[in-house]
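In: A structural model of the following input is requested.
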Amino acid sequence: MAIKGSLREASLPDVLQLLSMGKKTGCLSVTNRNNFGYIYFDKGRISYASIVNRRDRIGDMLVKAGSISPEQLQQAIDAQGKQRDKRIGDLLVDLGFITRHALHEHVRVQIEESVYTLFTWSEGTFNFEAEVHPERQDLLVSINPESLLLEGARRVDEWSLIEKKIPSFDMVFDADWRKLASTELELTAEQQAVLQHVDGRRDVVRLVEASGLVEFEVGKALFGLLTAGLIHRVGRNSRVNLQTIPAGKSEEHRNLGVAFYRTSMLEEALREFQSLLEHNKDDANARFYVGLVLLRQGRWDEAIAAYLDAAARPGAKPATYHNLAFALERVGRYAEALSALQDAVKRGGAKDAHIQTSLGVVTLMMGDVHAADRALGLAKALWSARPSAAWYHYAALAAALLGDLGRALEILQEGLTHHPRVAALHNNLAALHERRGSYDEALLAAEHGLTDDPTLPQLHKNIGDLYYRAARYDEAFDAYDRAIRSNPDLGDDVYLKLGNIKLRREQREEAVQCWQRALELDPDNTMARTNLESLQQAR
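Out: Purely as a prediction, here's the structure:
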């Protein structure tokens, strides 16, 4: 289930309640101007949340809570320089500065703070993708979203007041030190923490980073200091374009691009990576992701151009040639796709299961079934755990084309044990059962596939064929109608049979239209032409 919308039309708390009540699992991504955050759900409960490019302050939080000392944090940071694959929290545990349980509790607070921050975003968009899980996150939690709504609502109310004085995070403040020296007001710990960094140069974003506090706490502290007249606004930091910022700053845009891509926000991802390329045309990573986005969008010719450009640059990796081959295969340029895959093998992809599988697919598309069967056989041994659904699809197809229906059946049955919710495999199984004359089993397999993907046109067509064979014409008509609604160009044989059913219903004009459509799709469809001529002679 995908849920998309605008934060102006549906508030984030409402969306969280919907996902909680539906016990959904997946990722809810949220955008607000150039900000991006996400919340992961596991059966309706929040398991992880983060805001991209927001400084990871777990260490600062631990110091503020008194769980570790600043010196211990620095020691962990120094250790991270030698173990970049380890998180600060894990290093603190390894060094014996904090227990795993205590770290987990602080991570929970960090996740809750991320959700509270997202609650304050009143503009932007949200997008939920089902069955998406956090990547490389060892410390997951289980939070009932409803437990966060009350505190979130309170913060939203306070934030609406704060925004009247601090409408954007690029505002810069300076302190009235003379007034501060004479005031008798008792400042909160947060106000004191923020005040020591107010210098007339740092904007709110920099104050958040310097203080180690979360955005809400900094905003609330600044609001109080402003209201008391202890600080004053001196201007705003202009956000310069990516072309003029230091190369290190580009990492923030890269992080945004990757996050957008992983949550299927493809236009936003493309914008970030293209901006990176405008700044540095030799950024191989950005160029690779531009190609990935174009592939996901089905913009094959543009993807081919992007990957041809990437492949022409020194040091191009096997994945570049593999993706180029995929785009070429999608537009029917099979010989060029095969050449690209051979280049991928030469550049280190010989043991890559994906590349070897693609070699089998392209070879099959070129009509060399025996070579395809051999390549796919070699590919299976390279899969570390289990082959992909695509491997099972094409391996079964190759076996069937060689007339080895028993092996094709075994491949599909094995594939469905590993990928039980892939509708295409159920569709293949249905077609195989039909070819073997097992029509009841074919219908059962096709109907099973529809429960996983009711939009797959080929499944509706196969069900229609089975009903048509059994002379259950009304049910066949309904299945064919659903098929062509999803894909009007599905095939001439669908329109031929629809015309036949229309004629049985004595709907002659509609039958003629169906057969004419069949001939548009395939001018050599002799049955459709014969039916039209017979009907005209009968008149």
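
In: Go through stretch 437-454 and flag the buried ones.
Out: 439, 442-446, 448-450, 452 (16 or more other Cβ atoms under 10 Å). For the C-beta atoms, the positions are set from N, CA and C on the backbone; glycine is no exception.

In: right, I mislabeled it, should have said stretch 340-353
Out: Neighbour count says stretch 340-353 has 340-341, 343-345, 347, 349, 352-353 buried, by 16+ other Cβ under 10 Å.

In: re earlier: which ones among the buried residues of stretch 437-454 lie within helices?
Out: 439, 442-446, 448-450, 452 (DSSP state H).

In: what about the strands in this structure?
Out: For the chain, strands defined by DSSP state E occupy the ranges 3-6, 26-32, 35-42, 45-51, 125-130, 171-175, 231-236.

In: so how far is the fifth one off the chain centroid?
Out: Right, strand 125-130. Remark: strand 125-130 is offset 9 Å from the chain centroid, using Cα atoms, centre = their mean, to the nearest Å.

In: pLDDT on that strand, on average?
Out: Averaged across strand 125-130, pLDDT comes to 86.

In: Counting by contacts, list what that strand packs against.
Out: strand 3-6, helix 12-21, strand 26-32 (3 or more Cβ pairs under 8 Å, 6 or more residues apart in numbering; DSSP states H and E).

In: Report the contact partners of Ala39.
Out: You called it Ala, but residue 39 is Ile. The contact partners of Ile39, taken as Cβ atoms under 8 Å, 6 or more residues apart in numbering, are 16, 27-28, 30, 46, 48-49, 114-115, 118.

In: just those now: which is nearest Asn144?
Out: Nearest to Asn144 among the contacts of Ile39: Ile46, at 7.8 Å, using Cβ to Cβ.

In: how much space between the closest one and Tyr289?
Out: Relative to Tyr289, Ile46 is positioned 28 Å away (Cβ to Cβ, to the nearest Å).

In: mind listing the helices in the stretch 351-500 of the chain by residue range?
Out: 353-365, 369-382, 389-401, 405-418, 423-435, 439-452, 457-469, 473-486, 492-504 (DSSP state H, counting those that start in this stretch).

In: what residue ranges in the stretch 201-350 of the chain score low on pLDDT?
Out: Along the stretch 201-350 of the chain, segments meeting pLDDT under 70 span 238-252.

In: Swap in 80 and give it another go.
Out: Within the stretch 201-350 of the chain, the stretches with pLDDT under 80 are 209, 212-214, 237-256, 259-260, 262-265.

In: all helices for it, in order.
Out: Counting by DSSP H, counting those that start in this stretch, the helices of the stretch 201-350 of the chain are 204-211, 215-227, 250-262, 266-279, 284-296, 300-311, 318-330, 334-344.

In: among those, which is nearest Ile411?
Out: That would be helix 318-330 among these, by Cβ to Cβ, at 21.3 Å.

In: Quick one: residues in contact with that closest one.
Out: If you take Cβ under 8 Å, 6+ apart as the criterion, helix 318-330 is touched by 288, 291-292, 294-295, 298, 300, 303-304, 307-308, 310-311, 334, 336-338, 340-341, 343-345, 347-349, 352, 354-355, 358, 361-362, 365.

In: Taking their axis directions, it and helix 300-311 sit at what angle?
Out: 150 degrees (axes from the mean of the first three to the mean of the last three Cα atoms, to 10 degrees).

In: Can we start the residue count at 59 from this point?
Out: All set: I'll call the first residue 59, so the last point we hit is now helix 376-388.

In: Helix 376-388: how far from the chain's middle?
Out: Taking Cα atoms, centre = their mean, the mean C-alpha location of helix 376-388 is offset from the chain mean by 20 Å.

In: Minimum distance to Asn520: which of the strands of the chain has it?
Out: So among the strands of the chain, strand 183-188 is nearest, using Cβ to Cβ, at 25.6 Å.

In: mind listing what's buried in that closest one?
Out: 183-187.

In: what's the answer for stretch 124-139, then?
Out: Under 16+ other Cβ under 10 Å, the buried positions of stretch 124-139 are 125-126, 130-131, 133-134, 138.

In: cool, and stretch 187-207?
Out: For stretch 187-207, the neighbour count (16+ other Cβ under 10 Å) marks 187, 190, 192, 197-199, 201, 203, 206-207 as buried.

In: Ignoring the adjacent residues along the chain, who's closest to Ile156?
Out: Nearest residue to Ile156 in three dimensions, chain neighbours excluded: Leu150, at 4.9 Å (Cβ to Cβ, 6 or more residues apart in numbering).

In: Was I right to think the one you found contacts Thr157?
Out: No: using Cβ atoms under 8 Å, Leu150 is not in contact with Thr157, being 9.7 Å away.

In: more crowded one of these two?
Out: Between Leu150 and Thr157, counted using other Cβ atoms under 10 Å, the more crowded position is Leu150 (26 against 12).
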